[in-house]
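S.K.: here is the input, now give the coordinates:
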Amino acid sequence: MDFFFDTNYTVELEKDLSLKQQFLDAIILERVSSNKPPPQSPPDGLDNLSKHNLISYKSLREPLDAWALDELIGHFVNYRKQISPSMNNLLAEHEFQLYAICTRHPKKLAAMIPLEPVQQGVFEVQWGVRRIRILILSEMPLSNQNAIWQIFSGVSKGFRFGQDRYQWKMSDISQIIRLLYTREEIEMSYTAEDFQRDLPKELLTMLSETQRTDLIEGLPPEDRIKGLPPEERMKGLLGEDRIKGLPPEELQKIFELLSKTLKNN
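M.R.: Residues are numbered from 1 along each chain as shown. Prediction:
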């Protein structure tokens, strides 16, 4: 600070870098205490899983570039600090694997640094002192074990192959993935929970007016008007229809209110 005093530079000490939330796309964690079996026939590229597997994912509209790999390294450093017993006792480096998964071939990145082939669709790069495995989903072989990759391959043939061959384990997730596939504008921070919340709206837009009417008529009356303000509930009703069914005491209150209003006017 003293050296740069009174110059066009300033020095900030102990800068807090946690002000902006950072999200890693996915982490695959080994459940050490679990008695469940390991996954059978993992898809290509995931044969080297470790205890902590950090994943950066780029969809069809997003490039896998140098900045994405820089971010992945940053996430690794931050994550390793957080889960280690202490800064003086960091978890061993071999307990971590880094993956960059992308839909399309990263041409700009490949022009910058050699992508070392491991097998079809699977590459590795040396990024600083870290090895990062790169999985290019659109280049994965059409095989049963890669069915899950084909669903995200960005290729219609691959998507159909994946939908036909992949055996879904989580209920209802298949239809969610099918709809997500048509919504490429969704960012990775848009979670399955978010989509399940928005799914009814998505489905309603696919229904015809007759289908929507039939659906609404199947609901109890109290559910049909739930959330509507009073003026919306009364819209289109004649005066006699608005007061029909009201108890005498309520009618008396309305009469007194109208009388007072007419008198003031």
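S.K.: what number of residues lie near the spatially closest residue to residue 91 that is not a sequence neighbour?
M.R.: When the adjacent residues along the chain are set aside, residue 91 lies closest to residue 84, with 4.8 Å between them (CB to CB, 6 or more residues apart in numbering). For glycine as for every other residue, the C-beta is placed from the backbone atoms N, C-alpha and C. Burial of residue 84 is recorded as 14 neighbouring residues (other CB atoms under 10 Å).
S.K.: mind listing the helices for the stretch 1-150 of the chain?
M.R.: Assigned by DSSP state H, counting those that start in this stretch, the helices in the stretch 1-150 of the chain fall at 66-83, 107-112, 147-151.
S.K.: wait, which of the ones you listed is closest to residue 165?
M.R.: With CB to CB as the measure, helix 147-151 is the member of the helices of the stretch 1-150 of the chain nearest residue 165 (4.0 Å).
S.K.: buried residues in the helix or strand following that closest one?
M.R.: Once the chain leaves helix 147-151, the next helix or strand it forms, by DSSP states H and E, is helix 156-165. Buried residues in helix 156-165, counting neighbours by 16 or more other CB atoms under 10 Å, are found at 158, 159, 161, 162, 163, 165.
S.K.: try stretch 79-92
M.R.: So stretch 79-92, judged by 16+ other CB under 10 Å, has buried residues 79, 80.
S.K.: what does stretch 110-127 give?
M.R.: Judged by neighbour count (16+ other CB under 10 Å), stretch 110-127 contains these buried residues: 115, 118, 121, 122, 123, 124, 125, 127.
S.K.: contacts for it, please.
M.R.: Taking contacts as CB atoms under 8 Å, 6 or more residues apart in numbering, the residues outside stretch 110-127 that touch it are 44-45, 66, 69, 73, 106, 109, 131-137, 139-141, 146, 149.
S.K.: distance of residue 77 from residue 69?
M.R.: Per CB to CB, to the nearest Å, residue 77 is found 13 Å from residue 69.
S.K.: which of these two has more neighbours?
M.R.: Residue environment comparison for residue 77 versus residue 69 gives the larger neighbour count to residue 69, 22 against 11, counting by other CB under 10 Å.
S.K.: format the helices of the stretch 1-150 of the chain as a markdown table; extra columns: mean pLDDT.
M.R.: A markdown table is the format used below for the helices of the stretch 1-150 of the chain (pLDDT from 0 to 100):
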| stretch | mean pLDDT |
| --- | --- |
| helix 66-83 | 95 |
| helix 107-112 | 95 |
| helix 147-151 | 92 |
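S.K.: need those in TSV (columns: distance to residue 36).
M.R.: Conversion of those to TSV gives the following (distance: least, CB to CB, whole Å):
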stretch	distance to residue 36
helix 66-83	21
helix 107-112	36
helix 147-151	19
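S.K.: go through those and name the closest to residue 33.
M.R.: helix 66-83 (15.5 Å).
S.K.: helix or strand for residue 255, which one?
M.R.: With elements delineated by DSSP H and E, residue 255 resides in helix 248-264, which encompasses its position.
S.K.: now that helix: buried residues?
M.R.: Within helix 248-264, no residue qualifies as buried by neighbour count (16+ other CB under 10 Å).
S.K.: now it - C-alpha only, PDB.
M.R.: Listed in PDB are the C-alpha atoms of helix 248-264, where the atom choice follows Å, rounded to 0.1, in the frame of the first residue of the first chain:
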ATOM      1  CA  PRO A 248     -80.700 -11.100   4.900                       C
ATOM      2  CA  GLU A 249     -78.200  -9.400   7.200                       C
ATOM      3  CA  GLU A 250     -75.700  -9.000   4.300                       C
ATOM      4  CA  LEU A 251     -78.500  -7.600   2.100                       C
ATOM      5  CA  GLN A 252     -79.400  -5.100   4.900                       C
ATOM      6  CA  LYS A 253     -75.700  -3.900   5.000                       C
ATOM      7  CA  ILE A 254     -75.700  -3.500   1.200                       C
ATOM      8  CA  PHE A 255     -78.900  -1.500   1.400                       C
ATOM      9  CA  GLU A 256     -77.600   0.800   4.100                       C
ATOM     10  CA  LEU A 257     -74.400   1.400   2.200                       C
ATOM     11  CA  LEU A 258     -76.200   2.200  -1.000                       C
ATOM     12  CA  SER A 259     -78.600   4.500   0.800                       C
ATOM     13  CA  LYS A 260     -75.700   6.300   2.400                       C
ATOM     14  CA  THR A 261     -73.900   6.600  -0.900                       C
ATOM     15  CA  LEU A 262     -76.900   8.000  -2.800                       C
ATOM     16  CA  LYS A 263     -77.600  10.500   0.000                       C
ATOM     17  CA  ASN A 264     -74.000  11.800  -0.100                       C
END
